[in-house]
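Enquirer: Give me the fold of what follows.
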Amino acid sequence: MATLEQCMTALDGFVGKLAAAEGARDLDRTVSCRLTDLGQVVQGRLALGSVHDMTALPDSPTVPKADIRLTMASDDLLALTSGELAFAPAWAGGRVKLEAGLRDMLRLRSLL
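Expert: Here you go, the predicted structure:
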């Protein structure tokens, strides 16, 4: 199991790459990643080509719902961000869950 600090670093890099991609430069969306094995939700904002306000909160029903939501185990997050795990097979196999509106899903499809 990865630490919360490792996950924060990995997510900052992962979401930062998404934000910097040409197709995402005009996005202004909240993003969250629920780390199932750590009981934490990391939230931030994807805006103006970068990531803002990344914070970790204990997982609970009161955590605000983000526009783009990822759910996975901490080890899968690290494998995904290091290139050991490809997003599409991880998503298809149920290791990674992605929830977003249809418009965001279509845009993210070209970025992931």
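Enquirer: low-scoring stretches of the chain, by residue?
Expert: The model of the chain has pLDDT under 70 over residues 23-24, 110-112.
Enquirer: can you pull out the helices in it?
Expert: 4-20, 74-82, 87-92, 102-111 (DSSP state H).
Enquirer: can you redo the ones you listed as TSV with distance to residue 36 and mean neighbour count?
Expert: Where C-beta positions appear, they are placed from N, C-alpha and C, glycine not excepted. Below are these laid out as TSV (distance: least, C-beta to C-beta, whole Å; neighbours: other C-beta atoms under 10 Å):
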stretch	distance to residue 36	mean neighbour count
helix 4-20	11	17
helix 74-82	8	19
helix 87-92	14	13
helix 102-111	21	13
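Enquirer: Let's have these in a markdown table, adding distance to residue 47.
Expert: As requested, the helices of the chain are arranged in a markdown table below (distance: least, C-beta to C-beta, whole Å):
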| stretch | distance to residue 47 |
| --- | --- |
| helix 4-20 | 8 |
| helix 74-82 | 21 |
| helix 87-92 | 22 |
| helix 102-111 | 14 |
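Enquirer: quick one, which of these is nearest to residue 51?
Expert: Counting by C-beta to C-beta, residue 51 lies closest to helix 4-20 out of those; the figure is 4.7 Å.
Enquirer: neighbouring contacts of that closest one?
Expert: For helix 4-20, contacts defined as C-beta atoms under 8 Å, 6 or more residues apart in numbering pick out 2, 24-25, 27, 31, 33, 35, 38, 40, 42, 44, 46-47, 49-51, 54, 56, 74, 77-78, 80-82, 108, 111-112.
Enquirer: How about the contacts made by residue 34?
Expert: Residue 34 touches 40-41, 59, 69-72, counting by C-beta under 8 Å, 6+ apart.
Enquirer: Can you give me the distance of it to residue 100?
Expert: As judged by C-beta to C-beta, to the nearest Å, residue 34 and residue 100 stand 14 Å apart.
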